[in-house]
Structure formats: structure tokens, C-alpha cells
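Participant: return atomic coordinates for the entry below.
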Amino acid sequence: MAQSSKKASRPRVAIAGATGRVGTALIKALLSDPVEVLALTRNPDNDRLPPGIARGVVDFDLPSSLSGALHGADRLFLAHGTSMRQVQNEIALIDAAVAAGVSHVVKLSAMGPPTRLHPFDWHMQIEAHLAQFDIGYTVLRPSTFMDILARAGAPVISDRWGGAAGEGRVNLVDTRDVAEAARIALLDDRSVHTQRAYHLTGPGAVSMPDVADILSRLLGRSVTYQHRTPAEHREVLIETGLTEPIADLLLGLDLMFERSAIAETTGTLSALTGRKPRSVEDWLRDHIAAFAGVQTGAPE
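Facilitator: Okay, here's the model as predicted:
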């Protein structure tokens, strides 16, 4: 009985986006914390979730399933893959969380200027909806994830890496650091009813030619970033098999990079975690195999 009572007193943290990059790292970290973790999923048999973890099945076409999955949850981490239903689905989860009595929502958003570019404009709409409620929340606004560099793996191998980012600078952030910020926000008992936003960046901005220089050092061979016009780069992206909306999204990011629109550096991660955030070089070193292997197909 004492063991059951102790377990019941632990906060129950629901994770939406449990199989995403940040969600996966977040769950891994939370499993050793004094909380109950509930992974919200559309597929209860998803083998990307840790064995034995509690799962709440959600169906966005069935609103009652959202309320049922969140029943008993104290806190919610809210993330959603980029899709045309992102605004609709995240708003539905916020509404269900409020109705279920969730005390704090940690919303994964994005840092950047007001823009019509997806998904930045979608995050603005979702944040505005969340702000209507008298509920505690933390909005995490990371700069662009370092994982976007993974798309350069095969092009680097075949010496065809390039884009429309020019010499512009962007501050990239590691998803593992963002997951740690989310973990800290979810575990912060003193600020459960607080409404706040964190701007999360890496330790400094880089240009794509800077990334090429780092890769050259790590690989021991010359890597160059081929400068393209926006029209040329869009054509290359579509030729690799991407849909036009995805090509336009990636091109839009390149143009934001070219204008150094996301070059801001903040000390938020250091203040939250007590350590310096991971650098682009750290990320590239951890993933260098993707840039050094034998080419097996068309560029991603």
C-alpha cells in the first residue's frame, strides 16, 4: 500500500510527439526522474517507444480519445511533426489538456521573425491559442535544429552539397539540449502556474561555408558549399524527389539563413542546464559517419 501511495504522488507527464527527435530524448531522460511518463501515440504498437512505457492512444479525428488519453495527467509536453494538420491537432490537444485539468503545458515552438513560412506561422497561431487559457505553460522557442544538416550527408559524400544560404549565419541548436530544457521545465514544481517563453540556441552562429570548413577538418578532405540561386536550389530539391511544399519549406529556411534572420545567440540553455550548449562541431563529430560513408543512392 505504501508503495502504491508513493507512486500515485508522482506527477504524471504526458508526452505528445514521443517518437520525434526531441520527444525521444526527453522520454529517455525522464525515465530516471521521479515522474510517471505517459507516451501519447496514434499507434500503441509503435516499436520506437521504450519497452514497458505507459501509452495513451490518441485519434485526432475522435476528440474524446484526446481527453481520455490525458485523464490523470499533470503536465504535458506538446510537439507535433510538421504537417498541414499541425495547428488543428495541437490546438485540439491544448483544449483537451485544459479540460483534463493539466496544470502545465510545455509547448515546442520555433524561434524566428514573424513570417508566412510554415511551420513558423503555425507555431504563432498555436501559441496565441495557448495564451487564451489561465494555465501554466512554458513555450520553448529553439532556433533551427542541427539535425537539418543530416540532409547534407549524401550530397557531401558526392561533392554536390549546396544551397541558397550564401554567407548568411544561423544559430543551430542540438535537439538533445532542447530536450533537456523541456525536462527542466516539466520538473519545475515552483513554476507550475507560471507562463513563460525560452529562446534556445547553440553557442554561436555559423554560415554554411563555416560548416564546410568544420567538415573538411573532421573528414580530412576538402568540402565545399556550392552557392545556388533560389530558383536553382528549388529545382535541385525537387529533382531529389521532394514534394513542392517540402522543397519550398527548405528553400525558405535557406533564405532565412542567407538573411541571418535566425543568428541570435542566447544564454538561456546555459542558465537552465548549467553548461554550455553543444556546438555544430560537436553535432557533426557525433554524426560524422553520415558524411563519410559510401554513397548508396540519391541525395536526401
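
Participant: neighbours of the closest residue to residue 204 other than its chain neighbours, how many?
Facilitator: Counting by CB to CB, 6 or more residues apart in numbering, residue 265 is the residue found nearest to residue 204 once chain neighbours are left out, at 5.7 Å. Just so you know, the C-beta spots here come from the backbone N, C-alpha and C atoms, and that holds for glycine as well. If you count neighbours by other CB atoms under 10 Å, residue 265 ends up with 14.

Participant: tell me which element residue 265 falls in.
Facilitator: If you go by DSSP states H and E, residue 265 is not part of any helix or strand.

Participant: residue 139 too?
Facilitator: Here residue 139 is assigned to strand 136-142, by DSSP H and E.

Participant: any idea how far that strand is from the chain center?
Facilitator: 12 Å (CA atoms, centre = their mean, to the nearest Å).

Participant: how about stretch 221-236?
Facilitator: 25 Å.

Participant: and the contacts of that stretch?
Facilitator: 156, 159-166, 208-209, 211-213, 215-216, 247-248, 251, 254-255, 291 (CB atoms under 8 Å, 6 or more residues apart in numbering).

Participant: can you rerun that using 6 Å?
Facilitator: 156, 162, 163, 164, 208, 209, 212, 215, 216, 247, 251 (CB atoms under 6 Å, 6 or more residues apart in numbering).

Participant: next one: stretch 269-286
Facilitator: Everything outside stretch 269-286 that qualifies as a contact, by CB under 6 Å, 6+ apart, is 146, 172, 174, 177, 180, 181, 184, 200, 202, 203, 206, 214.

Participant: tell me which element the nearest residue to residue 59 once chain neighbours are set aside is part of?
Facilitator: Excluding the flanking residues, the one nearest residue 59 by CB to CB, 6+ apart is residue 65, at 4.4 Å. Counting by DSSP H and E, the element that carries residue 65 is helix 63-70.

Participant: helices and strands around that helix, which ones?
Facilitator: Judged by 3 or more CB pairs under 6 Å, 6 or more residues apart in numbering; DSSP states H and E, the packing partners of helix 63-70 are helix 86-100.

Participant: next, the buried residues of the helix it packs on.
Facilitator: Neighbour counts over helix 86-100 (16 or more other CB atoms under 10 Å) mark 86, 87, 89, 90, 92, 93, 94, 96, 97, 98, 100 as buried.

Participant: next SSE after it?
Facilitator: From helix 86-100, the next helix or strand downstream (DSSP H and E) is strand 104-108.

Participant: who are the packing partners of that following strand?
Facilitator: Against strand 104-108 (3+ CB pairs under 6 Å, 6+ apart) you get strand 75-78, strand 136-142, helix 175-187.

Participant: a markdown table please, covering the ones you listed and showing distance to residue 241.
Facilitator: As requested, the helices and strands packed on strand 104-108 are arranged in a markdown table below (distance: least, CB to CB, whole Å):
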| stretch | distance to residue 241 |
| --- | --- |
| strand 75-78 | 31 |
| strand 136-142 | 28 |
| helix 175-187 | 25 |
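
Participant: run a quick neighbour tally on residue 71.
Facilitator: 14.

Participant: which residues does it contact?
Facilitator: residue 100.

Participant: quick revisit: quick check on the residue nearest to residue 204: phi, psi?
Facilitator: phi -120, psi 130 (degrees, to the nearest 10).

Participant: kindly report the same for the one 5 residues further on.
Facilitator: Dihedral angles of residue 270 (phi, psi; degrees, to the nearest 10) stand at phi -60, psi -40.

Participant: what number of residues lie near it?
Facilitator: 13.

Participant: any idea how far residue 55 is from it?
Facilitator: Residue 270 is 35 Å from residue 55, where distance means CB to CB, to the nearest Å.

Participant: repeat for residue 13
Facilitator: Taking CB to CB, one finds residue 13 at 13 Å from residue 55.

Participant: these two: who's more crowded?
Facilitator: residue 13 (26 against 17).

Participant: please report the distance of that one from residue 23.
Facilitator: 11 Å.

Participant: what of residue 76?
Facilitator: The value you get for residue 76 to residue 23, if CB to CB is used, is 12 Å.
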